[in-house]
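Asker: model the structure of this input:
(one chain, ligands or ions: 2)
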Amino acid sequence: MERIDFVNTTITGGLWKRKQDMVRKTTVYAVYDRFVETGRFDAFRCNWKEGMPNKPHFFWDSDVAKWIEGAANLTAEKREPKLEKIIDETVDLIVKNQGEDGYFNIFFTVVEPEGRFSDRSKHELYCAGHLTEAAVAYFKATGKRKFLDAMIKYIDYIYDRFYIKRDTAFTTPGHEEIELALVKLYKCTKNEKYLTLAKFFIDERGKRAETDRTPAMSNQSHLPVREQTEAVGHAVRAMYLYCGMADIAKLTGDKELADACKTIFDNVASKKMYITGGIGSTSCGEAFTVPYDLPNLVAYSESCAAIGLALFAGRMLDIELDSKYSDVIERILYNGFLSSTSLDGKSFFYVNPLEIIPYLQSREDVSGYDGKAIRFPATQRKEVFSCSCCPPNIVRFITSIADFIYSDDGETLYVHQYMQSKTTVSRGDVSLNISMTTRYPENGRVKIKIDGGETKIAVRVPFWCEKKFDTIKGYAFFEIKDGETISLDFGMPARLIEAKNDVSLDCGRYAVMRGPVVYCMEGIDNDGHLRDIRIDSHSSFKTGKNESLGVPTLTVCAWRREENPDAPLYSVMRRRLVGCKATFIPYYAFANRGESEMLVWVNTK
Ligand code: FUB
Ligand code: ZN
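Answerer: Ligands and ions are numbered 1, 2, ... in the order given. Predicted structure coming up:
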């Protein structure tokens, strides 16, 4: 089963078309402008000196690289001369400032020139990886080779130092990413040495103590990767590592590696993932903790980590057909990922909490301490961060989202995600034109038409679908003739969801989902005190629309205690529940109307 690359698929309507249009029109420029203002683009001139403003951070290269990758993805669908000009100018600077030997890294050129390949915690190989991904994307989009050739030269140098000479102060990267980039470079150039280097970095991780300021578990170096069974440490690093492992497992047929990936994936999906698909629940090390530790108020759930899990799940699906992977992707897409970006496309959450109590935000100011011990997530999205890894990651992710829709194995076309789209599949002399029509996730109806030949088709039956389908590994199989259309209706009632009782913080609470979309209440729609609102298991939801936000709503009869402004801090319980209406909006749309309380897991009556 091979994935149909997003460059062969066009999203033609619906939510994702609106998001892609927003990125093309607004987000890509908003992120660019903030990166210009903060000196990230200028840093590529490599002329920073002590005393000057905008000292380059050691992973600024990667911020811009991700932006370039996103801009390249846009160019792949429709040429964008303005974006190409920015990219070409940046590539010129890279080539100009690249060493004779191929080396390119802003920080280790202008800030710590003596430190090349000496500090495992400073993301050198991570930056090289993102630059390589960007170069491959730009080459694929435009056919221009300059960036690709520059990165080939750099990677050849890395190969020589890390794999041939082995004279660097560390063996494997402190922040994984280059592994999956090397696989992309291998696929693009067919040069086996890049696959060898990717495999080397994967195989060597955890086999020795590395000189590193970061704890071994934080960058998954505590054990050789084949012996790892649990997702641990920094969540983004973990996901990028697992992506690399899954890539290598698929390309080399390495069953042991594939099995490690399966075990780790199951560990994440069954014990360490929010209902939104978010992962990495603590701000301390931006990391996974113990199973079922999924706090809502102080959730970390970094946007990049959600992206990373979707990328990992996509690669697992490349290895074996199983809807558990595509279901997780869907959960992320419509929730933990989409929440990252404001509805106007200009600002972003780094951290995606599942509950907001605004007054807790000011807790640090009144404690008398710097108060960094408990960090409450920001209540509002920001346009840029000092560590601004998420915004450009969001740009490259939305622009390549069609990567998740289809796969083909020459006999069967697999449909994993439902997005209105068109694609073409070549099977020898036969070229199949596929067009999918749907308003998903507004409703669960999907039509898929095939022209150009007959085929088997396997469609994912979503995890939330209550209708009965005959499935194998969560997919329903049909035969479809040339010119025929298959019509599916998964239904899409609102449902109450409960968490396993091990997730202590969610006990006695329900979350609301309609199809793949998790809903939440905001104070602004519900007179605040959201924790005091209770719903019960007979709740019946009415669908509607919030016109100003342009999103669907759900309303339900609920209860709350009768208001008593004179109540003391504590008083003897009296049952004074009164009926009220509770209004829910999609979780992804929270925090678009100023600061407000927000709650996903609602108390039960
Ligand atoms: O360290 C580089 C990026 O910044 C990581 O991927 C994010 O988690 C953040 O730490
Ligand atoms: Zn991030």
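
Asker: list the residues that contact residue 260.
Answerer: Counting by CB atoms under 8 Å, 6 or more residues apart in numbering, residue 260 touches 225-229, 245. Using the backbone N, CA and C atoms, a C-beta is placed for each residue, glycine as well.

Asker: try 6 Å this time
Answerer: Listed by CB atoms under 6 Å, 6 or more residues apart in numbering, the contact partners of residue 260 are 226, 228.

Asker: and it, what pLDDT?
Answerer: With respect to pLDDT, residue 260 scores 98.

Asker: that one looks like it's in a strand, true?
Answerer: No - applying DSSP: H, G, I helix; E, B strand; the rest coil, one finds residue 260 to be helix, outside a strand.

Asker: and it, how far is that from residue 226?
Answerer: Separation of residue 260 from residue 226 (CB to CB, to the nearest Å) stands at 5 Å.

Asker: next SSE after the lowest-mean-pLDDT helix or strand in the chain?
Answerer: Sorting the helices and strands of the chain by mean pLDDT, DSSP states H and E puts helix 363-366 at the bottom, at a mean of 62. Beyond helix 363-366 on the C-terminal side, the first helix or strand identified by DSSP states H and E is helix 390-399.

Asker: anything in that following helix near ligand 2?
Answerer: Yes - using CB under 5 Å from the ion, helix 390-399 reaches ligand 2 at residue 390.

Asker: and the next helix or strand past that helix?
Answerer: Going down the chain from helix 390-399, the next helix or strand is strand 406-408, by DSSP H and E.

Asker: which strands and helices lie in contact with the very next helix or strand once past that next one?
Answerer: Heading C-terminal from strand 406-408, the first helix or strand you meet, by DSSP H and E, is strand 412-415. If you count contacts as 3 or more CB pairs under 6 Å, 6 or more residues apart in numbering; DSSP states H and E, strand 412-415 packs onto strand 455-460.

Asker: can you rerun that using 7 Å?
Answerer: For strand 412-415, the packing partners by 3 or more CB pairs under 7 Å, 6 or more residues apart in numbering; DSSP states H and E come out as strand 406-408, strand 455-460.

Asker: just checking: what are the partner strands of that strand?
Answerer: According to DSSP bridges, strand 412-415 forms sheet pairs with strand 406-408 (antiparallel), strand 455-460 (parallel).

Asker: show me what the first one is in contact with.
Answerer: Contact partners of strand 406-408, identified using CB atoms under 7 Å, 6 or more residues apart in numbering, comprise 1-4, 9, 413-416, 423, 425.

Asker: and that strand, how far from the chain's centre?
Answerer: The chain centroid and the centroid of strand 406-408 are separated by 21 Å under CA atoms, centre = their mean, to the nearest Å.

Asker: the longest one too?
Answerer: Distance of strand 455-460 from the chain centroid (CA atoms, centre = their mean) equals 26 Å.

Asker: please point out which parts of that strand sit buried.
Answerer: Within strand 455-460, the residues that count as buried by 16 or more other CB atoms under 10 Å are 455, 457-460.

Asker: okay, those in CSV with pLDDT and distance to residue 271 next?
Answerer: Shown next, in CSV, are the buried residues of strand 455-460 (pLDDT from 0 to 100; distance: CB to CB, whole Å):
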residue, pLDDT, distance to residue 271
455, 98, 38
457, 98, 34
458, 98, 29
459, 98, 29
460, 98, 23
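
Asker: output the below-cut-off pLDDT ranges for the chain.
Answerer: For the chain, the stretches flagged by pLDDT under 70 are 363-374.

Asker: how is it divided into domains?
Answerer: Listed domain ranges for the chain are 7-204, 214-336+349-382, 406-489, 494-604 (source: automatic domain parsing).

Asker: any idea which of those gets closest to residue 388?
Answerer: Using CB to CB as the measure, domain 7-204 is the one of those that comes nearest residue 388, at 5.6 Å.

Asker: so what's residue 254 closest to, chain neighbours aside?
Answerer: With CB to CB, 6 or more residues apart in numbering as the criterion, residue 254 has its nearest non-adjacent residue at 6.2 Å, and that residue is residue 248.

Asker: near ligand 2, which residues of the chain are found?
Answerer: Counting by CB under 5 Å from the ion, the chain sits next to ligand 2 at 304, 389-390.

Asker: go again with 8 Å.
Answerer: Residues of the chain lying close to ligand 2 by CB under 8 Å from the ion are 236, 302-305, 307, 350, 387-390, 393.

Asker: in which helix or strand would I find the one residue sitting closest to the centre of the chain?
Answerer: The chain has residue 307 as the residue nearest its centroid, 1.1 Å off, counting by CA atoms, centre = their mean. For residue 307, the host element (DSSP H and E) is helix 303-319.

Asker: that helix and ligand 1, any residue contact?
Answerer: Yes - residues of helix 303-319 contacting ligand 1 under CB under 6 Å from any ligand atom: residue 304.
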